[in-house]
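S.K.: missing the sequence, but the structure's below:
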């Protein structure tokens with residue numbers, strides 16, 4: 001439990017729960033400890049009758065650099081009690097059978113679970129919001145970004161068609177989603193605002209204040225009205241194919257992993273955190 005408290009901070013300010021990822025030395029890369037600590041924090045916020053709005057933030061210079069694919073605390077081979085689904089323990093299997101079960105739980109399953117939180121969630125994004133970091137921002141209902149924030153999903157470099165929570169066409173629209181993935185380039189906060197992915201862009205030093213101000217405005221609305229409105233819009237997205245689309249792309253995602261493992265060094269096409277960071281910087 002001590003480790004969980006260390007990687008995610010939780011506090012309530014008035015009617016707002018602030019959930020902060022706390023691995024700044026690794027740009028808030030998400031290992032499983034962080035994933036389950038986030039789940040604990042979100043569950044706590046949803047249970048707390050004082051809380052009407054949830055803010056998700058990242059400690060340090062960056063919101064999140066994505067999945068942990070290289071830190072000393074990477075825990076891909078550790079078993080955790082499943083919460084998002086009933087797939088088996090991935091550590092008891094091998095190959096695609098293990099990978100599919102794990103990613104169904106900690107990536108796709110958890111993100112879907114968090115998207116359905118009955119309370120509005122706001123992502124407060126600074127610096128890097130890359131790959132798995134996008135998934136965390138996209139499960140939130142609103143996004144406030146600092147002017148130094150950037151967004152990217154460079155995993156096509158691995159031969160993989162986007163991250164597991166494949167919301168790209170719904171968040172960006174099909175043509176911008178294709179550009180975003182085909183080029184692997186960083187999208188600035190301003191461009192993200194222009195295409196409708198971000199709600200507000202503010203100077204870096206004003207990010208926390210602006211996020212809390214928006215959260216406070218949302219919190220003035222009746223809780224049940226907010227919950228029903230969130231559900232209505234989520235259902236509309238699903239009727240536009242979001243859930244079934246994600247299911248189909250999740251299969252393609254794992255086909256790409258399996259292909260990489262069969263013809264190359266590993267399921268990530270030999271890429272690691274260092275090479276992905278370098279590739280992302282080169283593409284600017």
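M.R.: Nice, I can see it. Note that this is a predicted model, so its numbers are computed, not measured. Numbers count the residues shown, from 1 in each chain.
S.K.: so residue 180 makes contact with residue 174?
M.R.: No. Contact between residue 180 and residue 174 fails when scored by Cβ atoms under 8 Å: they sit 10.5 Å apart. (C-beta placed from N, C-alpha, C; glycine too.)
S.K.: quick one: which of these two has more around it?
M.R.: Under the neighbour definition other Cβ atoms under 10 Å, residue 180 and residue 174 were set side by side, and residue 180 has more, 27 against 10.
S.K.: which SSE is that one in?
M.R.: helix 174-183 (DSSP states H and E).
S.K.: any idea how far the helix or strand just after that helix is from the chain center?
M.R.: On the C-terminal side of helix 174-183, the closest following helix or strand by DSSP H and E is strand 187-188. Relative to the chain's own centre, strand 187-188 is displaced by 17 Å; criterion: Cα atoms, centre = their mean, to the nearest Å.
S.K.: Give me the contact list for strand 187-188.
M.R.: When contacts are defined by Cβ atoms under 8 Å, 6 or more residues apart in numbering, strand 187-188 is touched by residues 149-152, 180, 195, 197.
S.K.: Residue most distant from the centroid, this structure?
M.R.: In the chain, the residue that sits farthest from the middle, by Cα atoms, centre = their mean, is residue 263; the gap is 29.1 Å.
S.K.: Which pLDDT does the model give that residue?
M.R.: Looking at residue 263, its pLDDT reads 92.
S.K.: Look up phi and psi at the nearest residue to residue 254 once chain neighbours are set aside.
M.R.: The shortest distance from residue 254 to any residue other than its chain neighbours is 5.4 Å, reached at residue 100 (Cβ to Cβ, 6 or more residues apart in numbering). Main-chain torsions, residue 100, degrees, to the nearest 10: phi -60, psi -40.
S.K.: residues near residue 100, how many?
M.R.: Residue 100: 20 surrounding residues under other Cβ under 10 Å.
S.K.: Any figure for the gap between it and residue 93?
M.R.: Remark: distance between residue 100 and residue 93 (Cβ to Cβ, to the nearest Å) = 9 Å.
S.K.: Tell me which stretches of the chain form helices.
M.R.: 2-7, 32-47, 95-103, 110-115, 132-138, 168-172, 174-183, 189-194, 207-219, 223-239, 242-263, 273-283 (DSSP state H).
S.K.: quick one, which of these is packed in tightest?
M.R.: Each of those was given a mean neighbour count from mean count of other Cβ atoms under 10 Å, and the largest, a mean of 26, is that of helix 132-138.
S.K.: In this structure, which residue is most central in space?
M.R.: residue 136 (1.9 Å).
S.K.: what about the closest residue to residue 31 other than its chain neighbours, how many neighbours?
M.R.: With Cβ to Cβ, 6+ apart as the measure, residue 68 is the residue that lies nearest to residue 31, at 4.1 Å, once sequence neighbours are left out. Residue 68 sits with 24 neighbouring residues when counted by other Cβ under 10 Å.
S.K.: Now do the contacts for residue 68.
M.R.: Under the criterion of Cβ under 8 Å, 6+ apart, the contact partners of residue 68 comprise 26, 29-31, 34, 74-75, 273.
S.K.: ok, those residues vs residue 160, which is closest?
M.R.: Each of the contacts of residue 68 was scored against residue 160 by Cβ to Cβ, and residue 273 proved nearest at 15.4 Å.
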